[in-house]
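okay, sequence plus prediction incoming.
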Amino acid sequence: MEFHHVGLPTHRKRPGETYLAEARLHITDAEASPYGIEWLRFEPDSPLPEILKTTAHVAFKVDDVEAAIAGKDVLIEPFEPMPGIRAAFILADGAPVEFMEVAT
């Protein structure tokens, strides 16, 4: 497991946002941030869990998303937010944690 980013919910539009239509979510590129920050701006009708809309999350790169979430309190099952990336969210002591499997 390798740290990748911190996701911070915001209501402010940021330069370089990518829109994820299915999630109704605008995100910035954490790799473009010198501090590994991914800003998340949710549309009012976003279907994602409320805790992601209001609480910061940490994200880690993993080799196998399914293995990373096995036996955990799964918040969002594995999905593909962008080509080449599989992600899933768990709750760890009530805080959201993201696991990302990145194709090489």
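Alright, I've got the coordinates.

can I get stretch 72-80 in PDB, CA atoms only?
The C-alpha trace of stretch 72-80 is given here as PDB (Å, rounded to 0.1, in the frame of the first residue of the first chain):
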ATOM      1  CA  LYS A  72     -13.600  -4.400   5.600                       C
ATOM      2  CA  ASP A  73     -16.600  -2.100   6.100                       C
ATOM      3  CA  VAL A  74     -17.200  -1.400   2.400                       C
ATOM      4  CA  LEU A  75     -18.700   2.000   1.600                       C
ATOM      5  CA  ILE A  76     -18.400   1.800  -2.300                       C
ATOM      6  CA  GLU A  77     -17.700  -1.400  -4.100                       C
ATOM      7  CA  PRO A  78     -14.900  -1.400  -6.800                       C
ATOM      8  CA  PHE A  79     -15.700   0.800  -9.800                       C
ATOM      9  CA  GLU A  80     -13.800   2.400 -12.600                       C
END
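
got a list of contacts for it?
48-49, 51-52, 65-66, 69, 86-92, 96 (CB atoms under 8 Å, 6 or more residues apart in numbering). Where you see a C-beta, it was placed from the backbone N, CA and C, and this is true even at glycine.

which two in those are spaced the farthest apart?
By the measure CB to CB, 51 and 66 form the most distant pair in the contacts of stretch 72-80, at 21.8 Å.

tell me the pLDDT of the residue of the chain most remote from its centre.
Of all residues in the chain, residue 71 sits farthest from the chain's C-alpha centroid, using CA atoms, centre = their mean; the distance is 19.6 Å. Reported pLDDT at residue 71 in the predicted model: 97.
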